[in-house]
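Enquirer: Turn this into a structure:
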Amino acid sequence: MNVIINGRPCQLTTDATVAQAVRAVTTITSGVAAALNNEVVSRTAWDITQVAEGDRVEVLIAVQGG
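Expert: Numbers count the residues shown, from 1 in each chain. Model (predicted):
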């Protein structure tokens, strides 16, 4: 299915979750936040929150520094 991840078109399987969308962007496991259609999804819900055709996923990665 076609979704938008961080503003770019991406193809995921039809049963994809937010966790799979995050893994399409990064392998980092800490300091990562995700939003589905402009609503933050808690990390505990990533594996159970389904992504649908046309959804928008934003993956944010915290960066340390000044």
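Enquirer: Can you pull the poorly scored residue ranges out of this structure?
Expert: 66 (pLDDT under 70).
Enquirer: Can you show me the helices along it?
Expert: In the chain, the segments counted as helices under DSSP state H are 18-23.
Enquirer: What ranges does it have for its strands?
Expert: 2-5, 8-11, 32-36, 39-41, 56-61 (DSSP state E).
Enquirer: buried set for the second one?
Expert: To tie it back to what came earlier, the one meant is strand 8-11. residue 10 (16 or more other Cβ atoms under 10 Å). For every residue, glycine as well, the C-beta is placed using N, CA and C.
Enquirer: and it, which strands flank it?
Expert: Here strand 8-11 is paired, per DSSP bridges, with strand 2-5 (antiparallel).
Enquirer: ok, now the longest one?
Expert: When pairs are called by DSSP bridges, strand 56-61 turns out to pair with strand 2-5 (parallel), strand 32-36 (antiparallel).
Enquirer: Residue 9 bridge partners, please.
Expert: Where residue 9 sits in a bridge, its partners, by DSSP bridges, are residue 4.
Enquirer: Was I right to think it contacts residue 2?
Expert: Yes - if you go by Cβ atoms under 8 Å, residue 9 and residue 2 touch, sitting 6.2 Å apart.
Enquirer: follow-up on the earlier one: and the strands paired with strand 56-61: which comes nearest residue 49?
Expert: The minimum distance between residue 49 and the strands paired with strand 56-61 falls on strand 32-36, with 6.4 Å, by Cβ to Cβ.
Enquirer: returning to what we had before: can you redo the strands of the chain as a markdown table with distance to residue 48?
Expert: As requested, the strands of the chain are exported to a markdown table (distance: least, Cβ to Cβ, whole Å):
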| stretch | distance to residue 48 |
| --- | --- |
| strand 2-5 | 17 |
| strand 8-11 | 20 |
| strand 32-36 | 12 |
| strand 39-41 | 10 |
| strand 56-61 | 15 |
